[in-house]
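Asker: Give me coordinates for this.
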Amino acid sequence: MKNTCKQYNPKEVEESTQDFWERNQSFRATEDLTKEKFYCLSMFPYPSGHLHMGHVRNYAIGDAISRYQRMQGKNVLQPMGWDAFGLPAENAAMQNKTAPSKWTYNNIDYMREQLQKLGYAYDWSRELATCHKDYYRWEQWFFIKLFKKGLVYKKEAEVNWDPVDQTVLANEQVVDGKGWRSGAPVERRSIPQWFVKITAFAQELLEGLEDLKGWPSMVRTMQANWIGRSEGVNLDFEVIDHGSGNQQKLSVYTTRPDTLMGVTYLAVAPQHPLAQKAALSNVEVAEFIEKQNKNKVAEAELSKLKKDGVNTGLMAIHPITKNEVPIWVANFVLMSYGSGAVMSVPAHDQRDYEFAKEFQLPIKQVIEPISADQECNLDECAFVDKGRVINSDQFNGLNFQEAFDAIAVFLNKNNKGEKTVNYRLRDWGVSRQRYWGAPIPIINCEKCGSLPVPEEELPVLLPEDVDFDDTGSPLTKIPQFFKANCPKCNSTARRETDTFDTFMESSWYYARFTCTDQHSAMLDGRANYWLPVDQYIGGVEHAILHLLYARFYHKLLRDEGLVDSDEPFTRLLTQGMVLNEGTKMSKSKGNTVDPLGLIEKYGADTVRMFTLFAAPPDQSLDWSDSGVEGSFRFLNRLWKTVINHEKINLPDISSINFNSDQKKIRLKTHQTLQKVTDDYGRRQTFNTAIAATMELLNTTTKFHDSPNSETDHIVVQEALEIIILMLAPIVPHFSHVLWNHLGHENAAMDQSWPTLDQAALVQDSVLMVLQVNGKLRDRIEVPKTISNEDLELKTLQNKSIKKFTEGKDVRKIIVIPGRLVNVVVS
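Answerer: Residues are numbered from 1 along each chain as shown. Prediction:
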């Protein structure tokens, strides 16, 4: 803006500033070995079509960090792209009778325009969308590399199957046991699925958490729990089929071998071979299994179900006592977890206890309390603490570790079990029986098995012009897609019609941003310049799956020689949700706030400021219309203050002798700068940075209203310049224009962060608290060099102190230098 308007006009300010940025390609990042790099990344959005306030807040946080680091002199990269594959596009395609690709690309165009209106400092030259062939071809290429290394495999796995729509359903699409759209009872089916061996990296992923000092401890704990390393014993029960007399082993894993003598039943998953075998001759078991096949397959869902099961009629031999133990099929056991079988000790496991109570099974206590704060009442609940072994023959009297070791030795000696380390983590299932995703580059041949597509034939293109009807994936109905020749024997074969889980795309996009223009390789040397990401921002709901998969994928990239770092993200900030009257914003609840409407009314900078001012970034933000208006009023006030200030060029301040009042203003200015610098860099609490800046403006405005000298004017100019630069990462358009108005030709975003003047922090006076008998009565400002005697005298002469000491005996005066004086009277 050539002439700065007296009234703050956000539309004009933002349009002119964005035009400047566009003309100067202000945010285009290139590798520069002479500068320290800083890669800042916010989790990229799904192109749903509309920004919501959660997006605005997430990206405002990332932008503030990026701009601050740029002002620190660093070479900053902040890219943006689109997590474009996924189920919502398929649902929208069915609802709108359009192809998912068309719906997705239209939404990307619209959301890009929305983001640009907010003025985020993105390098748009690096924009990517995961549904583009230039992106997913390298994902396919990498999958083939993993296939050849033996890190991917195919096996049967359970899914939620809608028999009417002929498609696999996500757990959230199963409502009361029925398909969300068809209303048909959902079946649990076992179908071939592709898996990546993340379990091979379980220990490294766990140990690596110790090095992630820049991550919230809560997130590291969540990942550690998800990986779930445990030390226990694998042991075998001999199963007896009384009909044939044949025996087979039933293997279980336990972390509590000290409770082994308390086993009163075994439980297997409905899909376990023993359960399936029992169903052939037991109608009750068969009906139970059929019933369970209509439940969701998620572990979290199963844990909430009422305990249910059926006795299979099969018996197992206890490996120590040789007693017969009944085998039940139970709904709380997952075939995909461990061996699909558990030893049940109802006296010392609450889940087993509830099941035993439900079906009146024996409850045998084998552990007793060893301390006064432990309580065992098996009439009410299981005793799950570690204690002393009882009712266990030769193991009686042992504590947990002693019993653990002794029982493990016994089992090992008798070839019934051994100590082992186990992980809760399971291999990553990456195939989805859906259309809108990256095709898995595999050809299935009846003679040769599953083979990778030859690399020269990549990418395997996803047909985008498809008829998307209501039944199953279109890929299974397009012969031009699924018909192929075996790359080994050249006979007729079938191309894989499953597509990748969208976590595959989001697990490496951060790396591709470093070289999106590289068309002949997945990554190049620029990846090692920019990686790891210095600052990653996103919701805590991604703490486990996305962040764990990205860490795993990074190690795979490292082992392939594509990156030389061990972890993808150095520092992590998990921002809180945006609430409206205490409830999460959602379209279904009708409580969303349209960012574009607010931008039209108040401007992007006001919206950005409110989202950063209303709460610390890692806490939930409760929406407030009055809060937005308050941010707008503050910007208007600051605008008028700067516009009415007569700009000057600051001289060399070190040579100026300031008077007492001027020193106070400079002290406040540089104290604020010191705090705000810490708020941006170390604490990342932008709300307190804004509050401190508002305080400084209040102080400056009072002084600004009645300047008496040229030196007064210099002090005000310095304070206003620092205020504008401190706010530049948060309200960049606003700061851009006012920085120029204060007499500077360069852009605010290219200005270095203000330099802290240590001399300004030196105080000639201090504020002392005056107390009588420990109660605050006044505050006074005194010379910093005042003696204790003079300070005591000044205190006793203070009117407020006299009011509470007159007529009383002053017993003593306590002086804490630089802080307070306490007069003790009686």
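Asker: okay, stretch 566-581 in PDB with CA atoms only?
Answerer: Extracted in PDB, the C-alpha atoms of stretch 566-581 (Å, rounded to 0.1, in the frame of the first residue of the first chain):
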ATOM      1  CA  ASP A 566      16.800 -42.200  12.200                       C
ATOM      2  CA  GLU A 567      13.700 -40.200  13.000                       C
ATOM      3  CA  PRO A 568      11.400 -38.000  10.800                       C
ATOM      4  CA  PHE A 569      10.300 -35.300  13.400                       C
ATOM      5  CA  THR A 570      12.600 -33.600  15.900                       C
ATOM      6  CA  ARG A 571      10.000 -31.600  17.700                       C
ATOM      7  CA  LEU A 572       6.200 -32.200  18.000                       C
ATOM      8  CA  LEU A 573       3.400 -29.900  19.000                       C
ATOM      9  CA  THR A 574       0.000 -31.400  19.400                       C
ATOM     10  CA  GLN A 575      -2.600 -28.700  19.300                       C
ATOM     11  CA  GLY A 576      -5.900 -28.800  21.100                       C
ATOM     12  CA  MET A 577      -9.400 -29.000  19.600                       C
ATOM     13  CA  VAL A 578     -11.600 -26.000  18.800                       C
ATOM     14  CA  LEU A 579     -14.800 -26.200  20.800                       C
ATOM     15  CA  ASN A 580     -18.000 -24.300  20.700                       C
ATOM     16  CA  GLU A 581     -19.700 -23.900  24.100                       C
END
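Asker: Now that stretch: buried residues?
Answerer: 567-580 (16 or more other Cβ atoms under 10 Å). (C-beta placed from N, C-alpha, C; glycine too.)
Asker: Those residues in strands, which ones?
Answerer: Here DSSP state E is the test, and those give 569-575, 578-580 as lying in strands.
Asker: which pair in those residues spans the largest distance?
Answerer: T570 and N580 (33.7 Å; Cβ to Cβ).
Asker: Using a markdown table, lay out the ones in strands among the buried residues of stretch 566-581 together with distance to P454 and pLDDT.
Answerer: Formatted as a markdown table, those follow (distance: Cβ to Cβ, whole Å; pLDDT from 0 to 100):
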| residue | distance to P454 | pLDDT |
| --- | --- | --- |
| F569 | 35 | 98 |
| T570 | 38 | 98 |
| R571 | 41 | 98 |
| L572 | 39 | 98 |
| L573 | 43 | 98 |
| T574 | 42 | 97 |
| Q575 | 44 | 95 |
| V578 | 48 | 92 |
| L579 | 52 | 92 |
| N580 | 53 | 89 |
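Asker: Need those in CSV (columns: distance to L727).
Answerer: As requested, those are exported to CSV (distance: Cβ to Cβ, whole Å):
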residue, distance to L727
F569, 28
T570, 27
R571, 23
L572, 26
L573, 20
T574, 25
Q575, 20
V578, 22
L579, 26
N580, 27
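Asker: Which one of the residues you listed is nearest to P729?
Answerer: L573 (14.5 Å).
Asker: got the phi/psi numbers for V164?
Answerer: Main-chain dihedrals, V164, degrees, to the nearest 10: phi -80, psi -50.
Asker: Neighbours of it, how many?
Answerer: Neighbours of V164 under the rule other Cβ atoms under 10 Å: 15.
Asker: got the contact list for it?
Answerer: 179, 182-184, 471 (Cβ atoms under 8 Å, 6 or more residues apart in numbering).
Asker: can you list those residues in JSON lines and add pLDDT?
Answerer: Putting the contacts of V164 into JSON lines (pLDDT from 0 to 100) gives the following:
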{"residue": "G179", "pLDDT": "83"}
{"residue": "S182", "pLDDT": "80"}
{"residue": "G183", "pLDDT": "86"}
{"residue": "A184", "pLDDT": "88"}
{"residue": "T471", "pLDDT": "71"}
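Asker: May I see the PyMOL selection of the buried members of the residues you listed?
Answerer: Here is the PyMOL command that selects the buried residues among the contacts of V164 (16+ other Cβ under 10 Å):
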select buried, resi 179+182
